[in-house]
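Engineer: Sequence first, then the predicted structure:
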Amino acid sequence: MFHKRSITDKALLFIKGLAMGAANKVPGVSGGIVAFVVGFYEEFIYSLQKINLKAFKLLFNGRFRSFYRYVNGPFLSILVLGMLFSYFSVSQVLDYFLERKELYVWSGFFGMIIGSIYFISKDFHHWNRTTIPAGILGLILGVSISFLSPARENDNLLFIFLCGMISVSGMTLPGLSGSFILILLGNYVLLLVDSVNGLYDTLAEVFQGDFSFVRNSARLEILKILAVFTAGSAAGLVTLSHLLGYVLKHYRYLTTAVIIGFITGSLGVVWPWKRTLFAQGPDGGLLLDSNGDPVIQNYERYLPDLSFAENQWALFYIGVGLAILIALEWYGQNQKSDA
């Protein structure tokens, strides 16, 4: 199922990697949805499946070219490069707008997820007495996750490794947001903000010839946490891909039904109109984490008053999100017709 790509295809794959990386960092949005809707989800899963015992044998025997071909290296390397680049570019821009225009960003994502539900569902004609309960189960799971309360921050390295394994599910399971899972586990700020910023600062210093970070115990600790989180993510990615590859091969329709239900249920996570509820300490004041930031307890969702211009603009951005999905679908259909 692996095929050669033109320069244009490689450029588009890099852009898809950017989108997937940005989606993975935003709480409530799943990078797996990007892969599913744009049309490279199965190739992504099957490529990850190739990272197995045979691949490691090729690598350890010095057969690097054979290893690269076996794991579909041209595809994975471009995609991963786009995702990594996104963490230091697109996701930074996204963070900027989340701080200043949060409602519009959530509205755009809400529209994109509504569009993704439509486009995944419209070609699925296998609803029956088996797939309908599977879809309902996915719906219940998605809704349930939307209303869970976040835990406290925990920097135990074993827990960090487990966070990596669990959070990477957002890349492989459409609708399950790895970032939102990290919020529920209490480690979103530690692992996707502080750690990434620590790595960014370290790389910037190294490029300037400044290696003073080796004497900075706090920086070294955050880099160690990031390394353990990355190792956990890699382990989870490979493990989940093998499981999903088996499930997609033997239970394709059931899996798709659960995904459709789960994405629909998870709409509550990205509902644009919500207030953040912060946890209170014993003294009645805000409960702060180790960085002095307020601890999120949950979110209060509400219906918008459409007489306000801000909410009217939010509806517009929901339409923009839908339009992006329509453009992606149009591109995917053209690719199929040209093939």
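Structural biologist: Arrived safely.

Engineer: secondary structure element for Ile114?
Structural biologist: In the assignment (DSSP states H and E), Ile114 maps to helix 102-122.

Engineer: tell me what that helix is packed against?
Structural biologist: helix 31-38, helix 90-100, helix 252-265, helix 309-338 (3 or more Cβ pairs under 8 Å, 6 or more residues apart in numbering; DSSP states H and E). For glycine as for every other residue, the C-beta is placed from the backbone atoms N, C-alpha and C.

Engineer: Following the chain past the first one, name the next helix or strand.
Structural biologist: Think helix 31-38. helix 41-49.

Engineer: quick one: average pLDDT of that following helix?
Structural biologist: Per-residue pLDDT over helix 41-49 has a mean of 83.

Engineer: Give the buried residues for the helix holding Ile114.
Structural biologist: 103-117, 119-121 (16 or more other Cβ atoms under 10 Å).

Engineer: now stretch 164-180
Structural biologist: For stretch 164-180, by 16+ other Cβ under 10 Å, it's 164-180.

Engineer: among those residues, which are in helices?
Structural biologist: Among the buried residues of stretch 164-180, DSSP state H puts 164-167, 169-172, 178-180 in helices.

Engineer: Now Gly111. Nearest residue, chain neighbours left out?
Structural biologist: The shortest distance from Gly111 to any non-neighbouring residue, by Cβ to Cβ, 6 or more residues apart in numbering, is to Gly321 (2.4 Å).

Engineer: show me what contacts that neighbour?
Structural biologist: Gly321 makes contact with 107-115 under the criterion Cβ atoms under 8 Å, 6 or more residues apart in numbering.

Engineer: Let me know the closest of those to His125.
Structural biologist: Gly115 (19.3 Å; Cβ to Cβ).

Engineer: so how far is Ile117 from the residue lying closest to the closest one once chain neighbours are set aside?
Structural biologist: Once flanking residues are discounted, Gly115 sits nearest to Leu325: 2.9 Å by Cβ to Cβ, 6+ apart. Distance of Leu325 to Ile117, given as Cβ to Cβ, to the nearest Å: 10 Å.

Engineer: And Phe75, by the same measure?
Structural biologist: Counting by Cβ to Cβ, the gap from Phe75 to Ile117 is 26 Å.

Engineer: again, but for Ala314
Structural biologist: From Ala314 to Ile117 the distance is 19 Å (Cβ to Cβ).

Engineer: hang on, the earlier thing: the contacts of Gly321 into CSV, with extra columns for pLDDT?
Structural biologist: Listed next are these as CSV, based on pLDDT from 0 to 100:
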residue, pLDDT
Ser107, 90
Gly108, 86
Phe109, 80
Phe110, 86
Gly111, 87
Met112, 80
Ile113, 79
Ile114, 84
Gly115, 81
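
Engineer: Between the residues you listed, which sits nearest Asn156?
Structural biologist: Phe109 (31.7 Å).

Engineer: Could you check how far that closest one is from Ala35?
Structural biologist: Applying Cβ to Cβ to Phe109 and Ala35 gives a distance of 16 Å.

Engineer: same check, this time on His242
Structural biologist: 17 Å.

Engineer: again, but for Tyr104
Structural biologist: Noted for Tyr104: a distance of 25 Å to Ala35, by Cβ to Cβ.

Engineer: likewise Leu53?
Structural biologist: On the measure of Cβ to Cβ, Leu53 and Ala35 end up 25 Å apart.

Engineer: When the two are compared, which one has more neighbours?
Structural biologist: Between Leu53 and Ala35, counted using other Cβ atoms under 10 Å, the more crowded position is Ala35 (24 against 7).

Engineer: what about the nearest residue to that one once chain neighbours are set aside, neighbour count?
Structural biologist: Leaving aside its sequence neighbours, Ala35 sits nearest to Tyr41 (Cβ to Cβ, 6+ apart; 4.2 Å). Tyr41: 19 surrounding residues under other Cβ under 10 Å.

Engineer: for Tyr41, what are its contacts?
Structural biologist: 32, 35, 174.
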